[in-house]
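Peer 1: Provided below are the primary sequence and the corresponding predicted coordinates.
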Amino acid sequence: MMRLGKNIILLALLLAGFAGDVFGAPKSDLPAVINTGTNQYTDKSEYNITNTTISGSSTIVRIKGNLIVNGTLTVTGATLLVEGNLRIKNGSVVNVDEGAIVMVTGVVESNGHANLSNDSDFAAIGGLTGSNNFNLNVADNSMGNECNTYLPGAGYADREVLTLITNELTEILESANIDVPEALVSISPLPIELTYFVARRTSDGVKFEWQTASEKDNDYFTIEYSTDALNFSELTTVSGAGTSTEIINYEYNYSTNATGVMYYRLRQTDYDGQTECSDIVALTIAGQQAANVSNIDIKIYPNPATDYVQINGDNIVRVEFVNANGRVLSAASLQASYSISNLPQGVNYVIVHTTQGNAIRQFIKH
């Protein structure tokens with residue numbers, strides 16, 4: 001009887017453990033402790049954790065999928081990137097402690113709690129949902145170090161704070177050779193803050209003028225030209241200022257006898273070879289008469305669009321819709337709205353002819 005009783009007790013304990021696995025909280029997909037190196041989890045759509053601590057100033061955890069907290073998640077001095085949603089279940093807690101960066105590219109779905117310490121960064125690009133039972137404790141800056149928080153829906157929606165966190169995180173990811181998610185790329189500012197770029201007709205050619213409010217690792221500029229606003233060639237290069245927070249004015253004079261409509265843009269190249277282009281400007285030249293139309297106010301919306309677009313501007317005579325290869329797909333006179341049903345999905349262009357000259361705008365069709 002004694003042996004039988006022990007066997008029954010052992011069997012009951014095994015069954016209880018089995019029932020906990022089947023009916024209780026899911027097993028944790030992450031280790032209980034992560035305190036070193038770069039750790040990437042990219043093979044599942046959802047990751048469940050119970051009690052996990054991520055620590056260490058050089059520790060990076062990247063999760064490509066939703067992260068579901070069924071207990072306590074503590075991040076101290078480390079970097080956590082969730083490329084998806086963060087779900088904090090009832091009674092669960094997320095602690096973002098000193099020196100930590102936590103970025104969520106989706107939303108925080110929460111009925112639990114989040115505690116944010118001084119000198120920590122926490123951002124969810126999509127904001128907060130399910131906040132009825134959510135408790136957010138943000139450090140009050142009493143230690144003199146700021147807690148940077150971006151969580152729309154919880155009263156923290158300053159885009160400058162989001163940009164600050166994104167820039168810091170981008171540097172960490174790039175140093176670890178981790179691809180920066182598109183959701184972050186669209187937030188990070190360009191290597192230069194371009195105030196304007198214009199082209200003006202002179203007695204013997206064209207004068208280009210542009211101004212930057214700031215520059216970061218800016219190697220050089222390239223002025224490019226085109227006759228169709230789609231296929232561009234290099235005209236010249238001008239050295240950049242490297243890194244600067246001062247206003248800098250640039251100019252370049254180009255001798256030409258060209259007539260008709262010419263299109264120009266400014267390409268910026270930084271030290272590692274990455275490039276960005278300005279908006280396209282057009283210069284209409286008819287004999288000795290020229291109209292600088294780089295500042296024509298033309299707006300197209302919605303953008304992105306699905307079925308129709310509207311084009312706003314003064315003295316519009318005609319519009320032409322062209323694809324990325326430069327082929328004219330449709331043309332029309334001034335209308336209240338324009339059907340884009342025959343345009344391909346992706347990037348398209350519209351050339352707007354006005355009595356003051358021509359302008360080109362880019363839009364995306366879904």
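Peer 2: Received, thanks. Worth saying up front: this structure is predicted, and the values here are computed from it rather than measured. Residues are numbered from 1 along each chain as shown.

Peer 1: what's the closest residue to Y349 other than its chain neighbours in contact with, if anything?
Peer 2: If the residues on either side of it in the chain are set aside, Y349 comes closest to V322, at 5.0 Å by CB to CB, 6 or more residues apart in numbering. Yep, even glycine has a C-beta here, placed from its N, CA and C like the rest. With contacts defined as CB atoms under 8 Å, 6 or more residues apart in numbering, V322 is in contact with 230, 328-329, 348-351.

Peer 1: Tell me how far V322 lies from L266.
Peer 2: Distance of V322 to L266, given as CB to CB, to the nearest Å: 21 Å.

Peer 1: likewise Y150?
Peer 2: When CB to CB is applied, the distance between Y150 and L266 equals 31 Å.

Peer 1: Out of the contacts of V322, which end up buried?
Peer 2: With burial judged by 16 or more other CB atoms under 10 Å, the buried subset of the contacts of V322 is 230, 348-351.

Peer 1: Pull the most distant pair out of those.
Peer 2: Farthest apart among the buried ones among the contacts of V322 by CB to CB are L230 and V350. That separation is 12.1 Å.

Peer 1: Using TSV, please lay out the buried ones among the contacts of V322 together with secondary structure.
Peer 2: Shown next, in TSV, are these (DSSP: H, G, I helix; E, B strand; the rest coil):
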residue	secondary structure
L230	coil
N348	strand
Y349	strand
V350	strand
I351	strand
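
Peer 1: chain center to stretch 235-255, what's the gap?
Peer 2: Relative to the chain's own centre, stretch 235-255 is displaced by 26 Å; criterion: CA atoms, centre = their mean, to the nearest Å.

Peer 1: and that stretch, what's its mean pLDDT?
Peer 2: Averaged across stretch 235-255, pLDDT comes to 91.

Peer 1: out of Y150 and L266, which sits in the more crowded spot?
Peer 2: Y150 (25 against 22; other CB atoms under 10 Å).

Peer 1: quick one: that one and V161 touch, right?
Peer 2: Yes: judged on CB atoms under 8 Å, Y150 makes contact with V161 at a distance of 5.0 Å.

Peer 1: Between the two, which contacts overlap?
Peer 2: When contacts are counted by CB under 8 Å, 6+ apart, Y150 and V161 have A123 as shared neighbours.

Peer 1: Low-confidence stretches in the stretch 1-150 of the chain?
Peer 2: Scanning the stretch 1-150 of the chain for pLDDT under 70 picks out 1-25, 130-133, 140-145.
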